[in-house]
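Peer 1: Quick one, what's the 3D model for this:
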Amino acid sequence: MSSRRSRSEQSSGAPRITDDQITDLVCKLQQLIPELRRRRSDKVSASKVLQETCNYIRNLHREVDDLSDRLSGLLASTDTDSDQAAIIRSLLM
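Peer 2: Prediction:
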């Protein structure tokens, strides 16, 4: 084991990830992101995959926030004892 690798393992407490493993993970990410899946070319840089992944996660957060706000508004406007409120509460659990 090289001294560089042993220092790396000692400082992080985890074994070093290989370049092949990183490539495999980037390919898996590329398959998960709709914007990248639609592209015909398989030649997408790792930085582009990571950038698009971050954008996708940000968009998902915005959608969740928007849906939460809409749901809160809907709950606030319904009678708490109504069937509709019971359905909304069951969806939240």
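Peer 1: Give the burial count for Gln30, as a bare number.
Peer 2: Per other Cβ atoms under 10 Å, the neighbour tally for Gln30 reads 20. Heads up, the C-betas are built off the backbone N, CA and C, glycines and all.
Peer 1: host element of the residue of the chain most remote from its centre?
Peer 2: Within the chain, the residue lying farthest from the chain centre (Cα atoms, centre = their mean) is Asp81, at 36.1 Å. Applying DSSP states H and E as the criterion places Asp81 outside every helix and strand.
Peer 1: Look up how far Arg89 lies from it.
Peer 2: Using Cβ to Cβ, to the nearest Å, Asp81 is found at 11 Å from Arg89.
Peer 1: Leu67 too?
Peer 2: 16 Å.
Peer 1: for Asp66, same thing?
Peer 2: Noted for Asp66: a distance of 20 Å to Arg89, by Cβ to Cβ.
Peer 1: got it, and Asp65?
Peer 2: 20 Å.
Peer 1: Quick test: name the residue nearest the centre of the protein.
Peer 2: Closest-to-mean residue, the chain, Cα atoms, centre = their mean: Ile57 / 4.7 Å.
Peer 1: which helices and strands sit right next to the lengthiest helix in the chain?
Peer 2: Ranked by number of residues, the top helix in the chain under DSSP state H is helix 46-77. Helices and strands touching helix 46-77, by 3 or more Cβ pairs under 8 Å, 6 or more residues apart in numbering; DSSP states H and E, are helix 19-32, helix 34-37, helix 83-92.
Peer 1: any chance of those in a markdown table, plus distance to Val49?
Peer 2: As requested, the helices and strands packed on helix 46-77 are exported to a markdown table (distance: least, Cβ to Cβ, whole Å):
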| stretch | distance to Val49 |
| --- | --- |
| helix 19-32 | 5 |
| helix 34-37 | 6 |
| helix 83-92 | 34 |
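Peer 1: Perfect, that will be all.
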